[in-house]
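Asks: Sequence below, structure please.
(one chain, ligands or ions: 2)
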Amino acid sequence: RLMSTKAASTNGTKVDVLGREYVVDPMTNVTPHLLSHVGRDLHLQPRHPLRHVAQRVTQYMYDRYLSPRGNPLFSVHSQLHPAVTTHQNFDSLLIPKDHVSRKKSDNFYINEGHLLRAHTSAHQGELISMGFDNFLVIGDVYRRDEIDASHYPVFHQLEGMRLCTVKEVYGAHQNMDEYCLFESGERTDKLQGVHSGESARRMEADLKSCLLGLATTLFGKEAEVRWVDAYFPFTHPSWELEVLLNGEWVEVLGCGIVEQEILLNAGVEDKIGWAFGLGLERWAMKLYGIPDIRLFWSTDSGFLSQFEFDDPATKVTYKSVSKYKQCINDISFWLPKDMEYEAADFYDLVRTVGGPLVEQVNLVDTFTHPKKGLTSHCYRLVYRHMERVLTQKEVNVVHKRIEETAASSLGVSIR
Ligand code: FA5
Ligand code: MG
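Replies: Ligands and ions are numbered 1, 2, ... in the order given. The predicted structure follows:
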């Protein structure tokens, strides 16, 4: 029987995600620990910093794009179900069947046909098909990523998409026939074959000024930002925006001109589009000076009380409750000979057993024994409690449990 009190759970045969049931198969790799994040909906929690940031972005888009009658053009979709099909997450976005981003080791699959969305772009196709042409999607996304201060397996994205008719790109003119969005030509690294150069340039200019304006509105005019060329299968050309945060360039969004094929597949023939996807945590870290991405999951009043205001534009700087000392323990083991081993499986295990006590896991050494043909991995685990001092004795207990669980469930032998 499925546990019915949790928003999402698994009993080994079925996975339940917010009331939808899925049959487990060999592709399933969601863990109970990961599923415990589903339904927290941090972006919808009143007075949560992620909700404040989402509201600021929404307000900015409302103000920037108005209908002729002065109403906001963009619609907001913040409660779309996080379980999506592989078609939504990949195929509808023209991601090739053998693309690395589909790997089991990088995603949380519910079963062969379903996963917890890896990005909010998964909803582009369905919303365009429904007739929306200016919309935002806000939601939780899931990735088997590395673990550090700016990466967490569950985070939140805000997606923006705008489709324009020729009139919207060029403004209304006497002789509209002289203006055209499309032109058949060669595809280059700066232009899709179907777009006229002028149309694509105008869309790029609007997209970039929109996003730079957003950065200035939230971070101030002094914030240092830069554009980097990027690649996505669903936009061309594509860019990423980076922001200087404590002396380091941090990527805060990806964007580009929507591949025309996506619009055609969704039944739109007379528009050109742009899209962006930003990481809400990264924007909140920059905006409030929040040093660690795990803090967003804190239920501690020391954290939450700092954001207890109703006007999302309120200016605050996060004050660290305290920076407790880290405890560093290494773990080394021989990989199994007769079983497949992926580092991502070990990361999941560490997350499940160590929970929020583990701040970082890094593979620090790999070694293959010349005679035995066995490979050994050494990982460095950094433990730190967010809200109190952690003793070495306490850490040793958790570390021992991680070793034992790795040996019994991954088939490795501890050195
Ligand atoms: C995407 O997810 C694309 N779907 C974005 C996009 C949308 C491009 C529409 C073009 C058009 P990417 O994997 O780079 O791209 O993630 C987008 C943003 O999410 C990043 O810039 C970063 O701000 C944030 N992000 C990515 N991985 C993590 C993570 N593990 N933890 C926290 N934030 C992350
Ligand atoms: Mg990226």
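Asks: what number of residues lie near the closest residue to Ala7 other than its chain neighbours?
Replies: Closest residue to Ala7 apart from its sequence neighbours, by Cβ to Cβ, 6 or more residues apart in numbering: Gly39 at 2.6 Å. Every residue, glycine included, has its C-beta placed from N, CA and C. Gly39 has 13 neighbours, counted by other Cβ atoms under 10 Å.
Asks: Just confirm Gly39 contacts Ser9, I think it does.
Replies: No - the pair Gly39 / Ser9 is not scored as a contact, 10.3 Å apart, by Cβ atoms under 8 Å.
Asks: quick one on the thing from earlier: report the secondary structure state of the residue nearest to Ala7.
Replies: In three-state terms, and counting by DSSP: H, G, I helix; E, B strand; the rest coil, Gly39 is coil.
Asks: can you tell me how far Glu251 sits from Met203?
Replies: Using Cβ to Cβ, to the nearest Å, we find Glu251 at a distance of 22 Å from Met203.
Asks: let me redo that: Tyr152
Replies: Tyr152 is 33 Å from Met203, by Cβ to Cβ.
Asks: Report the contact partners of the residue nearest to Ala7.
Replies: Lys6, Ala7, Ala8, Leu18 (Cβ atoms under 8 Å, 6 or more residues apart in numbering).
Asks: got any ranges where the stretch 251-400 of the chain has weak pLDDT?
Replies: For the stretch 251-400 of the chain, the stretches flagged by pLDDT under 70 are 321-323.
Asks: Which positions in it make contact with ligand 1?
Replies: By Cβ under 6 Å from any ligand atom, the residues of the stretch 251-400 of the chain that approach ligand 1 are 251-256, 275-279, 281-282.
Asks: now these: which count as buried?
Replies: Buried members of these, scored by 16 or more other Cβ atoms under 10 Å, are Val252, Leu253, Gly254, Cys255, Gly256, Ala275, Phe276, Gly277, Leu278, Gly279, Glu281, Arg282.
Asks: Quick check: the fifth one touching Ala275?
Replies: What that stands for is Gly256. Yes - checked against Cβ under 8 Å, the pair Gly256 and Ala275 is within contact range at 6.8 Å.
Asks: if we can go back for a sec, I'd like the residues of the stretch 251-400 of the chain next to ligand 1 as CSV, with secondary structure appended.
Replies: Formatted as CSV, those follow (three-state DSSP):
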residue, secondary structure
Glu251, strand
Val252, strand
Leu253, strand
Gly254, strand
Cys255, strand
Gly256, strand
Ala275, strand
Phe276, strand
Gly277, strand
Leu278, strand
Gly279, strand
Glu281, helix
Arg282, helix
